[in-house]
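Give me the fold of what follows.
(one chain, ligands or ions: 3)
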Amino acid sequence: MKYEQISDKLFIKNRKKFMAQMKPKSIAVFNSNDVYPVSADSTMPFEQHRDILYLSGADQEETMLLLFPDAIDVKHREVLFVRETNEHIAVWEGAKLTKAQATGVSGIKTIYWLTDFDKVFFDLMTEADTIYFNTNEHYRQAVETQTREDRFIEKCKREFPAHQWAKSNPILQEIRGEKEPEELDLMQRACDITEKGFRRILRFTKPGVWEYELEAEYLHEFIRNRSKGFAYTPIIASGNNANVLHYIENNQECQSGDLILMDVGAEYANYSSDMTRTIPVSGRFTQRQRDVYNAVLRVKNEATRMLVPGTIWAEYHKEVGKIMTAELLKLGLLDRADVQNEKADWPAYKKYFMHGTSHHIGLDTHDYGELKKAMKPNMVFTVEPGIYIPDEGMGIRLEDDVVIQETGEPFNLMRNIPIEAEEIEELMNS
Ligand code: GLY
Ligand code: MN
Ligand code: MN
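Ligands and ions are numbered 1, 2, ... in the order given. Next up is the predicted model:
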């Protein structure tokens, strides 16, 4: 791990919050992700499942967490199973968690080797009535791969058909949505690393630079600051490429007169940051680019002010749509007739701004979190309006990550990342 060890206090608190919502005589189990294959003997870099990470801090494959608040033997109320390490593994793969280290990371006293899981689990299931399964109910999920969680659920249903089943996901959606102070610090660190990357880019960009060269500059800055890299596949889109919302080729030369939309964020300790900035290749915006840029910035600033306790996500999106409509009218991109004739399910502004404004962010870039209930303090959201004009060869999006406060405006984790057009021009020309 490149990141500094996180205090086990965070995971102790997280488990306490989860267990407080469990039914009497119930067990919850959480699995690591698989190490996913490429082909032959190659594998993708390991990414820990965010739920077991959130509840234990164990950032290692083949780990299982068992929570059983009503276990008769106190030592079985929280149990972490880790892959048994040995000299051979140490030589070929490097050190894995010892039992003492697993306790140090997670704050869990009872650590067993994974090979003991079936025996211990069978015994504890005789004391339990309900088993919590960790299914994925994220609103954007579209997973075709069978995960370790899926395999575990199938096995349990076969081997323990008389137990009741319950869902971990609604509990996790709720508790992961409201961040602890330790998590906000880690997210601030991810945003600060992204800031370093962006400042490097402002110095580096000039006509003739290639999109992939900018990607490389970001990655260099991220890794040298203890990030393992991008929190999500970066979008470095010059000119009209910005109008392909999920453009990730990043293989074109940046031309003078064009803008570059960069949707890039560093991860730190598995926490995401998610930033978008749009800059002029030449270091100066044209008047038209500046007008559209400032319109997007005003929408972002007004939308941000609405992220307060009590706001309902869907209603907020409707309000942002109204603000965007007013800006598009001023820019001459829409006229009154477009707005009067708009359909309720496809407002006119969507021709130029067709994606959402905000999503929860945390351990996942599109994080878990309640969307149907009112917003609460310490939820972290992105704010990311954009205006996309293929006919003019430009697309502009601006995106910051903000924390909802008890009172007043949200706290912007990206407050130090340049965003005013004038500041960007000044930095690019200094
Ligand atoms: N970078 C992904 C997003 O903005 O949602
Ligand atoms: Mn983004
Ligand atoms: Mn985003």
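
Quick check: closest non-adjacent residue to whichever residue of the stretch 201-350 of the chain sits closest to ligand 3.
In the stretch 201-350 of the chain, the residue that lies nearest ligand 3 is residue 274 (4.1 Å; C-beta to the ion). Where you see a C-beta, it was placed from the backbone N, CA and C, and this is true even at glycine. Counting by C-beta to C-beta, 6 or more residues apart in numbering, residue 265 is the residue found nearest to residue 274 once chain neighbours are left out, at 4.5 Å.

neighbours around that neighbour, how many?
Look at residue 265: counted by other C-beta atoms under 10 Å, it has 28 neighbours.

Let me see the contact set for it.
190, 191, 194, 230, 231, 232, 234, 272, 273, 274, 275, 365 (C-beta atoms under 8 Å, 6 or more residues apart in numbering).

Now do the phi/psi pair for the residue of the stretch 201-350 of the chain closest to ligand 3.
Torsion angles at residue 274 (phi, psi; degrees, to the nearest 10) stand at phi -140, psi 100.

Neighbours of it, how many?
26.

any idea how far residue 223 is from it?
18 Å (C-beta to C-beta, to the nearest Å).

which ones among the contacts of residue 265 are found in helices?
Under the assignment DSSP state H, these contribute 190, 191, 194 to helices.

Could you report the pLDDT at the second one?
By that I understand residue 191. With respect to pLDDT, residue 191 has a value of 99.

Report the contact partners of the nearest residue to residue 313 once chain neighbours are set aside.
Leaving aside its sequence neighbours, residue 313 sits nearest to residue 371 (C-beta to C-beta, 6+ apart; 4.7 Å). Residue 371 makes contacts with 139, 313, 314, 360, as judged by C-beta under 8 Å, 6+ apart.

Among those, which one is most surrounded by other residues?
residue 360 leads those on contacts (other C-beta under 10 Å) with 25 neighbours.

I'd say it and residue 375 touch.
No - with contacts counted by C-beta atoms under 8 Å, residue 360 stays clear of residue 375, the gap being 9.8 Å.

Common neighbours of the two, please.
Contacts common to residue 360 and residue 375, judged by C-beta under 8 Å, 6+ apart, are residue 381.

Show me which residues of the stretch 201-350 of the chain are close to ligand 1?
Contact residues (C-beta under 6 Å from any ligand atom) of the stretch 201-350 of the chain with ligand 1: 232, 263, 274.

Enumerate every residue touching the closest residue to residue 264 other than its chain neighbours.
Distances taken as C-beta to C-beta, 6+ apart put residue 234 closest to residue 264, at 4.3 Å, once the chain neighbours are dropped. Going by C-beta under 8 Å, 6+ apart, residue 234 touches 215, 218, 248, 250, 262, 263, 264, 265.

residues touching the spatially most central residue of the chain, list them.
With distances taken as C-alpha atoms, centre = their mean, residue 365 lies nearest the centre of the chain, 1.4 Å away. Contact analysis of residue 365 by C-beta under 8 Å, 6+ apart lists 231, 232, 265, 272, 274.

Tabulate those (JSON lines), appending pLDDT.
Listed next are those as JSON lines, based on pLDDT from 0 to 100:
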{"residue": "231", "pLDDT": "98"}
{"residue": "232", "pLDDT": "98"}
{"residue": "265", "pLDDT": "98"}
{"residue": "272", "pLDDT": "98"}
{"residue": "274", "pLDDT": "98"}
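
Looking at those residues, which one is closest to residue 13?
The closest of the contacts of residue 365 to residue 13 turns out to be residue 272 (C-beta to C-beta; 20.6 Å).

list the buried ones in the helix or strand of the chain with the lowest mean pLDDT?
Sorting the helices and strands of the chain by mean pLDDT, DSSP states H and E puts helix 87-92 at the bottom, at a mean of 87. Residues of helix 87-92 classed as buried: none (neighbour count, 16 or more other C-beta atoms under 10 Å).

can I assume residue 427 is in contact with residue 201?
No - here residue 427 does not reach residue 201: they are 9.8 Å apart, not a contact under C-beta under 8 Å.

Show the end-to-end separation of stretch 350-367, please.
24 Å (C-alpha to C-alpha, to the nearest Å).

Now find how far off-centre it is within its chain.
With C-alpha atoms, centre = their mean, to the nearest Å as the basis, stretch 350-367 stands 10 Å off its chain's centre.

what does stretch 23-35 give?
22 Å.

Quick one: end-to-end distance for that stretch.
32 Å.

what is the rounded mean pLDDT of that stretch?
Averaging pLDDT along stretch 23-35 yields 98.

swap in stretch 176-187?
For stretch 176-187, the per-residue pLDDT averages 98.

what ranges do the helices span in this protein?
Counting by DSSP H, the chain has helices at residues 8-19, 50-56, 87-92, 99-106, 117-125, 148-159, 169-177, 181-204, 211-223, 287-305, 313-330, 336-340, 421-428.

counting contacts, what elements does the second one pack onto?
Right, helix 50-56. helix 8-19, strand 26-31, strand 64-67, helix 169-177 (3 or more C-beta pairs under 8 Å, 6 or more residues apart in numbering; DSSP states H and E).

CSV please, covering those and showing distance to ligand 1 and mean neighbour count.
Listed next are these as CSV, based on distance: least, C-beta to the nearest ligand atom, whole Å; neighbours: other C-beta atoms under 10 Å:
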stretch, distance to ligand 1, mean neighbour count
helix 8-19, 24, 18
strand 26-31, 26, 24
strand 64-67, 29, 23
helix 169-177, 16, 20
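
nearest to residue 157, of those?
Short answer: strand 26-31, nearest of the helices and strands packed on helix 50-56 by C-beta to C-beta, at 12.8 Å.

The closest residue to residue 406 other than its chain neighbours: neighbouring residues, count only.
Leaving out its chain neighbours, the residue that sits closest to residue 406 by C-beta to C-beta, 6+ apart is residue 377, at 4.8 Å. Residue neighbour count, defined by other C-beta under 10 Å, stands at 14 for residue 377.
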